[in-house]
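Q: got a sequence here, can you model it:
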Amino acid sequence: MNNPFVTDQIYKDEDFSKLRLPKGDYDTCSFIRCNFSESYLDNCQFLECTFEDCNLSNSNIAHATFKEVQFIDCKIVGLLFETCNHILLSFSFKGCTLDFSSFKGMSIPGTLFDDCKLRNIDFSESNLSRSRFTNSILDDALFDASNLQEADFSLSHNIKLDPERNQLKNARFSSENVRGLLTKYKIQVIDQ
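A: All right, here's what the predicted structure looks like:
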């Protein structure tokens, strides 16, 4: 049985935590104020879709495809992005809470995280080169063996990472964030 192909559809105020979104291909669809909490989005394809003010926390996204998908003002807590389909993967996040989510081992260069909460998130072994973390909070975010070349952290907050365990060539940091790069050395930086 073929999965349905849905295009240009707008879903508003739907509760997919109780009634599952049918497996299918969703092209240029908008999901507004929908609840996907602990739901199943596995094996769905989302192409040029927008999720706005949705709750996707703890959803199953195994083998789901996200191509040119925008997440705006969404709650995305505890999502295991590394389980989704990595082919043609591209997305952006604006005003989202992604706490306790994981991008471990993913190649997502050029990804935008704008005004996001990224607390206790796992970016280890990921390629985040040229990604931008604009006005985002990175409390206890894990960067280990990550490619952060040309990434922009200059407007982010509370980043801590080991510069010896990550690729940082041409990455940008604010003077505030330099402290987070020196944490492992137990150096005190005094402002004058």
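Q: the host helix or strand of F93: which residues count as buried?
A: Element membership for F93 (DSSP states H and E) is strand 90-94. Neighbour counts over strand 90-94 (16 or more other Cβ atoms under 10 Å) mark F91, S92, F93, K94 as buried. Heads up, the C-betas are built off the backbone N, CA and C, glycines and all.
Q: just how off-centre is that strand within its chain?
A: 7 Å (Cα atoms, centre = their mean, to the nearest Å).
Q: can you give the contact residues for it?
A: Contact partners of strand 90-94, identified using Cβ atoms under 8 Å, 6 or more residues apart in numbering, comprise 66-74, 76, 108, 110-116.
Q: in PDB, could you pull the C-alpha coordinates for that strand?
A: Extracted in PDB, the C-alpha atoms of strand 90-94 (Å, rounded to 0.1, in the frame of the first residue of the first chain):
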ATOM      1  CA  SER A  90      17.900  20.300   6.100                       C
ATOM      2  CA  PHE A  91      16.000  22.200   8.600                       C
ATOM      3  CA  SER A  92      16.100  25.400  10.700                       C
ATOM      4  CA  PHE A  93      14.900  26.400  14.200                       C
ATOM      5  CA  LYS A  94      13.600  29.700  15.300                       C
END
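Q: per-residue confidence averaged over that strand?
A: Strand 90-94 comes out with an average pLDDT of 98.
Q: note down every partner strand of the following helix or strand past that strand and its orientation.
A: Proceeding N to C from strand 90-94, the next assigned helix or strand is strand 112-114, under DSSP H and E. Its sheet considered, strand 112-114 pairs with strand 90-94 (parallel), strand 132-134 (parallel) by DSSP bridges.
Q: with distance to H157 as added columns, please give those in TSV.
A: Output for the strands paired with strand 112-114, formatted as TSV (distance: least, Cβ to Cβ, whole Å):
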stretch	distance to H157
strand 90-94	16
strand 132-134	9
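Q: and those strands: which comes nearest S126?
A: Closest approach to S126 among the strands paired with strand 112-114 (Cβ to Cβ): strand 132-134, 12.8 Å.
Q: give me the contact list for that closest one.
A: 111-116, 118, 151-153, 155-156, 159.
Q: between those residues, which is nearest D139?
A: Nearest to D139 among the contacts of strand 132-134, with distances taken as Cβ to Cβ, is L118, at 8.0 Å.
Q: what is the burial count for that closest one?
A: Neighbour count of L118, defined by other Cβ atoms under 10 Å: 26.
Q: ok, V77 next?
A: Neighbour tally, V77, other Cβ under 10 Å: 21.
Q: again with K18
A: As a burial measure, K18 scores 9 neighbours (other Cβ under 10 Å).
Q: for the chain, just list every one of the strands.
A: 5-7, 10-12, 25-27, 30-32, 45-47, 50-52, 65-72, 90-94, 112-114, 132-134, 152-153, 172-173 (DSSP state E).
Q: now the first one: average pLDDT?
A: Right, the one you point to is strand 5-7. Strand 5-7 comes out at a mean pLDDT of 95.
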